[in-house]
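Undergrad: give me coordinates for this.
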Amino acid sequence: MPEVMIAGIPVNFPFEPYEVQKTYMEKVIESLQNNTNALLESPTGTGKTLSLLCSSLAWLLVKKAQLQMNAQIGNFSEHSGFSGPLKDSLKSGAGKGKDNVSWGMPKIIYSSRTHSQLTQAMQELKRSSYRHVKAAVLGSRDQMCIHPEVSKETNNTNKVHMCQLKVKSRTCHFYNNVESKKDDRAVKGDDILDIEDLVTVGKKLKCCPYYLSKELKQDADIVFMPYNYILDPKSRKANGVELMNNIVILDEAHNVEKMCEESASLQVRTTDVALCIDEITHVMRSFSENSEDQMEANVENSQAKDFTCDDLCVLKEMMLALEKAIDEINVGSEGATYPGGFIFELLSKAEIKDHNQMAVITLIGNLIQYLSTASASPFQRKGVGLQKIVDLLNVVYSGTTHAYKERVKLCYKVHIQVEDKKNHKKSDSWGTLKATNSKTAERVLSYWCFSPGFGMKQLVEQNVRSIILTSGTLAPLKPLISELGIPIGVQLENPHIIKSNQICVKIISQGPDCTQLNSSYQNRDNPKYISSLGRTILSFCRVVPDGLLVFFPSYPIMSKCQEMWQAEGIWSSINNIKPIFVEPQRKDTFNTVINDYYSKISDPSTKGACFLAVCRGKVSEGLDFADMNGRAVIITGLPFPPLRDPRIILKKKYLEELHTKEKDFLSGDEWYSLEATRAVNQAIGRVIRHQNDYGAILLCDSRFNSPKLKSQLSAWLRDHINVSNKFGETVSEICRFFKNAESSLPPPKLKPLLPHESNIGYKENMVTNVTGVSFPTTNSRVLHKSTSKKVVNQYPNSNEVYANFSMDFYKNAQSTYVNEFKPKEAKDLFSALDCNNESGQSTSQSLVNIHKRNIVEIQDVVMAKKKKLKIKPFGFEENLRSSEILGDPVEKIAPTSLIDFVKEIKTLLQADQYKQFQLSISAYKKDGDYTQFINILKSIMENRKMFYLFKGMKRFLKDEHKNLFQEYCDNVKF
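TA: Residues are numbered from 1 along each chain as shown. Below is the predicted model:
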């Protein structure tokens with residue numbers, strides 16, 4: 001790999017870096033050499049993560065060499081002729097050290113918002129020449145616990161306490177094996193282990209992956225972890241994260257402000273306090289009703305209780321006093337707001353003060369652990385109310401010094417508001433209903449931090465060496481620096497690496513019917529506007545190839561548009577051109593939907609797909625829509641925060657007070673506007689993901705014409721913005737843009753597999769074995785000859801390792817259990833539909849959509865017989881004939897099994913289409929209306945891809961309709 005000298009540091013890079021990458025690495029190294037903090041923006045697609053890892057690790061290796069040399073030669077270095085020049089060279093490259101920690105060996109702590117983003121970063125590290133460094137990743141028990149009992153617990157708090165008790169009592173054999181297995185070659189070998197790898201190793205060695213990761217952290221050069229492990233003092237302490245003398249990297253730092261505020265904030269309801277009281281009472285009652293032996297048996301005889309009945313009585317008195325103090329606060333219709341220091345006055349009324357707060361926190365922790373493990377019943381009290389109170393105390397008393405309390409007065413507000421009973425659902429009805437006085441209005445106590453600098457200063461006070469904040473969307477930097485409240489010595493706003501023929505940015509102020517497009521609060525429910533927006537999207541669907549992303553300001557606005565478009569027929573018109581996928585709010589269905597979208601994009605029989613999503617939602621954060629997956633992004637409006645939300649009102653008021661004293665701070669209105677444009681910038685960043693990518697950015701809101709809003713968009717984007725007053729001209733220009741891009745730019749390339757992701761043998765130009773880790777290894781995976789050749793030819797070329805891959809092969813993988821658990825054969829189509837609905841899960845759930853490329857299995861490779869390999873991509877049916885694989889146009893045949901037939905239909909249809917399919921069958925069975933039934937089938941199934949299934953419906957028609965149906969099928973032409 002090429003070696004580049006940057007600021008005196010030799011950096012190994014997988015290919016010759018671009019100028020923007022060199023500039024970025026210079027800034028990283030400058031920050032590390034001078035022990036200063038940095039704020040670095042580099043657009044998505046410029047290789048930011050790779051540049052960040054290579055430059056920081058290159059500096060770290062030089063710094064370690066310098067420290068090791070200093071330790072070996074000591075004071076004699078001045079008189080040593082051979083060591084002098086080397087020492088000077090190392091010193092100039094490594095930079096200066098802090099006086100009090102100059103002899104410590106620094107680590108790099110690399111954090112990002114989500115585990116998937118951390119996985120991406122670790123994959124980049126595995127591809128670099130720095131894959132030999134010692135690396136570790138910290139994750140939650142949710143991801144890493146393999147204990148059969150603990151891992152089944154759905155409540156995270158209960159899971160933590162169950163784990164802690166088993167560890168303390170030495171009853172978890174997985175934890176007990178950690179000490180003897182931590183030096184195993186599988187753990188401390190040459191490979192970098194991400195979370196998936198750790199879990200695999202843990203299961204193989206029968207030792208706990210969670211505690212293995214903590215062992216690996218001790219000797220690691222670089223440690224990967226989520227934001228909250230660093231920014232949240234509670235998580236930082238729980239995970240043993242040491243910051244002194246270490247480098248903290250916050251990647252995807254556009255979320256850092258919000259994370260700092262949220263990790264230092266909390267809400268407690270009076271129902272939580274009442275539940276806490278009820279839980280204490282429950283334990284007290286257990287004391288009186290059960291003997292000492294019975295009580296200890298409830299906790300598996302593992303330990304003596306860490307509290308007495310007297311402790312419980314005192315704690316209950318405290319909680320009753322706290323409940324009374326909150327109820328006595330005079331609250332108006334808009335709520336009541338107090339300075340941050342009011343929280344200490346409130347807690348002092350419950351006799352919780354500096355001198356005893358730690359004892360109270362410890363006692364509540366012991367109680368929660370007892371309640372979490374005292375019974376196996378899923379309906380038991382598990383300390384949910386107690387946990388709320390201990391969380392509040394941990395946040396409030398994260399510091400106790402006078403200076404800390406003065407900062408609390410400046411940065412916090414305490415807000416008390418009457419609770420909206422209509423929207424609040426009690427999660428723990430067994431205790432709350434008894435403890436709550438129905439005549440007393442419920443209240444919400446909010447302890448809100450409004451200064452990101454509050455948390456950032458706590459990091460600086462941990463004596464970190466440098467903090468590097470980086471993202472593709474940080475601008476404008478000046479107000480961000482003022483909000484962070486820490487000294488920033490190095491700044492960068494990098495340009496993009498793409499050229500003008502790769503991007504088309506349009507502000508579209510009106511729809512095809514000349515209706516103004518404006519998603520303001522006053523106009524967003526206007527039927528004429530919603531209809532015009534739908535027809536605008538429909539027009540662009542016709543000219544945008546492959547994937548189209550559409551971002552809405554919020555979920556309610558997206559739902560409102562969906563309802564009206566369906567009623568007007570716009571939805572079905574869009575769906576006929578590009579199948580529509582909608583971002584789900586539930587986490588458990590998200591992966592299925594996104595993988596179905598990728599599959600539809602890769603389907604050559606369609607014109608791509610359309611994905612409707614929400615700014616600040618899951619799709620706008622961290623997902624890669626490179627190449628065909630995202631050729632255009634439409635922004636339908638500005639996602640302003642809810643203006644009447646009490647927290648937003650107080651945040652604006654807080655900033656106005658600061659702005660009055662110091663003009664460098666944002667005003668409340670400036671912050672409010674920036675919140676919207678930063679979310680827009682992040683959504684825009686989903687497309688144009690690498691040097692050869694291209695796409696269109698369509699801002700469908702007339703407010704984007706405002707010079708102020710334009711100035712808040714990403715710097716690399718501003719020069720490309722064009723305003724077109726005539727809608728027809730805009731559509732024509734976009735059409736020409738894509739035609740020119742397709743003809744002048746190289747086609748997307750497949751990103752090669754890593755060695756750990758596949759087993760590829762090269763012997764006499766034959767693929768001897770290709771297996772993978774991210775898909776089930778089912779039988780007879782085959783793929784087109786040309787495709788397999790492309791994979792083999794591209795893999796050895798290290799310069800192409802970082803070219804973004806297409807998702808051509810990213811299709812639904814068949815479950816490994818399909819053949820093992822066949823359902824009973826249905827008697828007719830209607831029972832087949834019922835069987836299929838009961839059969840369970842979509843096969844696409846086994847897919848992972850980040851850094852898991854197509855993994856194929858080639859079977860029957862017997863060298864002696866020299867059998868021909870039949871190869872086809874995922875998602876193609878197993879019953880294809882060999883002649884079709886070789887290219888002969890053989891028509892598919894519908895499965896003879898009724899259940900398989902319905903399953904195949906369900907796989908190829910969208911959820912709403914499949915529901916329509918079911919309803920049409922029921923209606924046909926009931927009234928026998930052939931014309932209506934066939935019209936519905938034609939609307940959802942009459943295309944080249946599904947026509948074989950359409951023809952297969954003949955067997956389910958009534959006898960008098962079969963000939964008519966056959967005649968129609970014979971005349972269909974594609």
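Undergrad: next, the residue most central in space within the chain: phi, psi?
TA: With distances taken as C-alpha atoms, centre = their mean, Thr114 lies nearest the centre of the chain, 4.8 Å away. With angles defined as degrees, to the nearest 10, Thr114 sits at phi -120, psi 160.
Undergrad: surely it and Glu621 touch.
TA: Yes. At 7.2 Å, Thr114 and Glu621 qualify as touching, with contact defined as C-beta atoms under 8 Å. Backbone N, C-alpha and C define where each C-beta goes, glycine included.
Undergrad: chain center to the helix ranked longest in the chain: distance?
TA: Assignment by DSSP state H gives helix 48-73 as the longest helix of the chain. The chain centre lies 30 Å from the centre of helix 48-73; the measure is C-alpha atoms, centre = their mean, to the nearest Å.
Undergrad: who touches Pro10 in this structure?
TA: 3-4, 58, 62 (C-beta atoms under 8 Å, 6 or more residues apart in numbering).
Undergrad: is Pro43 in a helix, a strand, or coil?
TA: At Pro43, secondary structure determined by DSSP: H, G, I helix; E, B strand; the rest coil is coil.
Undergrad: list the contacts of it.
TA: Counting by C-beta under 8 Å, 6+ apart, Pro43 touches 472, 494-496, 685, 714, 716.
Undergrad: still on that earlier bit, out of the contacts of Pro10, who's the most crowded?
TA: When neighbours are counted by other C-beta atoms under 10 Å, Ala58 leads those with 26 neighbours.
Undergrad: residues contacting it?
TA: Ala58 neighbours (C-beta under 8 Å, 6+ apart): 6, 9-12, 29, 130.
Undergrad: what's in contact with the helix or strand containing Gly365?
TA: If you go by DSSP states H and E, Gly365 is part of helix 357-373. Here helix 357-373 makes contact (C-beta under 8 Å, 6+ apart) with 157-158, 161-162, 164-165, 279-280, 282-283, 299-300, 305-307, 311-312, 315, 318, 347, 352, 380-383, 386-387, 389-390, 393-394, 397, 400.
Undergrad: counting only strands, which of those residues make the cut?
TA: Counting by DSSP state E, the contacts of helix 357-373 place none of their members in strands.
Undergrad: buried subset of these?
TA: 157-158, 161-162, 164-165, 279-280, 282-283, 299, 305, 307, 311-312, 315, 318, 347, 352, 381-383, 386-387, 389-390, 393-394, 397 (16 or more other C-beta atoms under 10 Å).
Undergrad: wait, a strand at Leu39?
TA: Yes. Applying three-state DSSP, one finds Leu39 inside a strand.
Undergrad: any weak-confidence spans in the stretch 401-550 of the chain?
TA: 420-440 (pLDDT under 70).
Undergrad: show me where it has helices.
TA: Along the stretch 401-550 of the chain, the segments classed as helices by DSSP state H, counting those that start in this stretch run 402-411, 429-435, 452-460, 477-484, 527-543.
Undergrad: out of those helices, flag the one nearest Ala121.
TA: Ala121 lies closest to helix 452-460 among the helices of the stretch 401-550 of the chain, at 19.9 Å (C-beta to C-beta).
Undergrad: that closest one packs against which elements?
TA: Counting contacts by 3 or more C-beta pairs under 8 Å, 6 or more residues apart in numbering; DSSP states H and E, helix 452-460 packs against helix 228-231, helix 256-263, helix 402-411, strand 466-471, helix 477-484.
Undergrad: chain center to it, what's the gap?
TA: On C-alpha atoms, centre = their mean, the centre of helix 452-460 falls 24 Å from that of its chain.
Undergrad: just the CA trace of that helix, in CSV.
TA: In CSV, the C-alpha atoms belonging to helix 452-460 read as follows (Å, rounded to 0.1, in the frame of the first residue of the first chain):
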residue,chain,number,x,y,z
PRO,A,452,-23.8,20.7,25.2
GLY,A,453,-20.8,22.4,26.7
PHE,A,454,-21.8,21.0,30.2
GLY,A,455,-21.0,17.5,29.1
MET,A,456,-18.1,18.4,26.9
LYS,A,457,-16.3,20.3,29.7
GLN,A,458,-16.7,17.2,31.9
LEU,A,459,-14.7,15.3,29.2
VAL,A,460,-12.0,17.9,29.1
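Undergrad: neighbouring contacts of that helix?
TA: With C-beta under 8 Å, 6+ apart as the criterion, helix 452-460 contacts 230-231, 233, 243, 248, 256-258, 260-261, 263-264, 398-399, 407, 411-412, 449, 467, 483-486.
Undergrad: buried among these? Make that a PyMOL selection.
TA: Entered in PyMOL, the line below selects the buried ones among the contacts of helix 452-460, by 16+ other C-beta under 10 Å:
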select buried, resi 230+231+233+243+248+256+257+260+261+263+264+398+407+411+412+449+467+483+484+485
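Undergrad: endpoints of stretch 603-616, how far apart?
TA: Stretch 603-616 has an end-to-end distance of 29 Å (criterion: C-alpha to C-alpha, to the nearest Å).
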